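K.L.:
missing the sequence, but the structure's below:
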């Protein structure tokens, strides 16, 4: 079943961003370098349209460097956009954000026209850690491995003429790309009550088998994975790392929890779960499905309008003989 998660505080965040945008000079969107397409919020793109944008692929130390380079080139090629990759806890690269924002809005700066920057992204993408790093380690934002920790907007002064508005992590009302929903859940961007661990782990392993099977072999000391599907590999992880159930059966729930935890913690090494070409295919398929869904809805609506209403048209037996 497709994963969806858009709790009430995200509605409030959407409204707050819309109200803030007229006075914003640059928008920083943090993306997860391991899923750079799936973690890009289409709702944010709509809310911030026309503003200079800085796309930051965070957690680059956990991602495949070659894939990160391809994704950076993709975003860098977009109009009014710059892109860079960093690890949010690394102080020196984080300071590059301020310089990049000034390049995107060169007419802003000084006490008369201070720079006003909005920083946003999906939940648990490392935004609060980055904000704290930008402030020199001073704790301005709560951090933790849980989606939706930041609940209110915060205004942070990074320099006399540089104001940063930190917004709560936000997804979008309907995740059209099914694969993206599973990867977002695997990353920790989705509340745990909105998904099933085993389903998410299986979707995660599908991508790992496609792009980084060797990482799984190394982590769990597995043999040849050729011919094994995601379910078989999850069972092997269960046999290697989790207590067995009666009869020697693998504990699939425990195995799923282990796989998700190992991905989030970086225990698999640097991995990227989607290539640019792959994500474009997912997008095209989602648009096609949406178009088909809309066509069916229109056909049902048209058919309903053509049906005669009770007491109108035809012989309803109420005539006078």
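P.N.:
Here it is on my side, so go on. Given the structure is predicted, the values throughout are model-derived calculations rather than measurements.
K.L.:
Identify the residue nearest the geometric centre of this protein.
P.N.:
residue 39 (2.5 Å; C-alpha atoms, centre = their mean).
K.L.:
which residues touch that residue?
P.N.:
31, 32, 121, 122, 125, 184, 187, 189 (C-beta atoms under 8 Å, 6 or more residues apart in numbering). All C-beta atoms are positioned from the backbone trio N, CA, C, and that covers glycine.
K.L.:
Return the distance of the spatially closest residue to it that is not a sequence neighbour relative to residue 242.
P.N.:
Counting by C-beta to C-beta, 6 or more residues apart in numbering, residue 32 is the residue found nearest to residue 39 once chain neighbours are left out, at 4.1 Å. Remark: distance between residue 32 and residue 242 (C-beta to C-beta, to the nearest Å) = 27 Å.
K.L.:
Between those two, which has more neighbouring residues?
P.N.:
Neighbour totals were compared for residue 32 and residue 242, and residue 32 leads with 28 against 17 (other C-beta atoms under 10 Å).
K.L.:
Quick check: that one touching residue 59?
P.N.:
Yes. Applying C-beta atoms under 8 Å, one finds residue 32 in contact with residue 59, separated by 5.9 Å.
K.L.:
element containing the residue nearest to the centre of the chain?
P.N.:
For residue 39, there is no enclosing helix or strand under DSSP states H and E.
K.L.:
So residue 30: helix, strand or coil?
P.N.:
Three-state call for residue 30 (DSSP: H, G, I helix; E, B strand; the rest coil): strand.
K.L.:
Tell me which residues touch the residue nearest to residue 283 when sequence neighbours are not counted, please.
P.N.:
With C-beta to C-beta, 6+ apart as the criterion, residue 283 has its nearest non-adjacent residue at 6.6 Å, and that residue is residue 177. Applying C-beta under 8 Å, 6+ apart to residue 177 gives the contacts 38, 282, 283, 285, 286.
K.L.:
how close does residue 177 sit to residue 203?
P.N.:
Distance from residue 177 to residue 203, by C-beta to C-beta: 12 Å.
K.L.:
And for residue 102, the neighbour number?
P.N.:
Applying other C-beta under 10 Å, we find 17 residues neighbouring residue 102.
K.L.:
List the contacts of it.
P.N.:
Taking C-beta under 8 Å, 6+ apart, we find residue 102 in contact with 108, 109, 115.
K.L.:
And residue 271, by the same measure?
P.N.:
34, 62, 63, 64, 208, 211, 212, 215, 263.
K.L.:
which helix of the chain spans the most residues?
P.N.:
When the chain is parsed with DSSP state H, its longest helix is helix 276-306.
K.L.:
Counting by contacts, list what that one packs against.
P.N.:
With contacts taken as 3 or more C-beta pairs under 8 Å, 6 or more residues apart in numbering; DSSP states H and E, helix 276-306 sits against helix 65-76, helix 178-187.
K.L.:
hang on, isn't residue 72 packed against residue 81?
P.N.:
No. With contact taken as C-beta under 8 Å, residue 72 and residue 81 are classed as non-touching, separated by 10.7 Å.
K.L.:
The two: which is more packed in?
P.N.:
Counted by other C-beta under 10 Å, residue 72 and residue 81 do not tie: residue 72 has more neighbours, with 19 against 16.
K.L.:
Just the pLDDT for that one.
P.N.:
Per-residue pLDDT puts residue 72 at 98.
K.L.:
what's the answer for residue 45, then?
P.N.:
Reported pLDDT at residue 45 in the predicted model: 94.
K.L.:
again with residue 209
P.N.:
For residue 209, pLDDT reads 97.
K.L.:
Beyond whichever strand or helix holds it, next helix or strand please.
P.N.:
Here residue 209 sits within helix 197-211, counting by DSSP H and E. Later in the chain than helix 197-211, the nearest helix or strand by DSSP H and E is helix 213-220.
K.L.:
now the angle from that next one to helix 197-211?
P.N.:
Angle of helix 213-220 versus helix 197-211, following axes from the mean of the first three to the mean of the last three C-alpha atoms, to 10 degrees, is 120 degrees.
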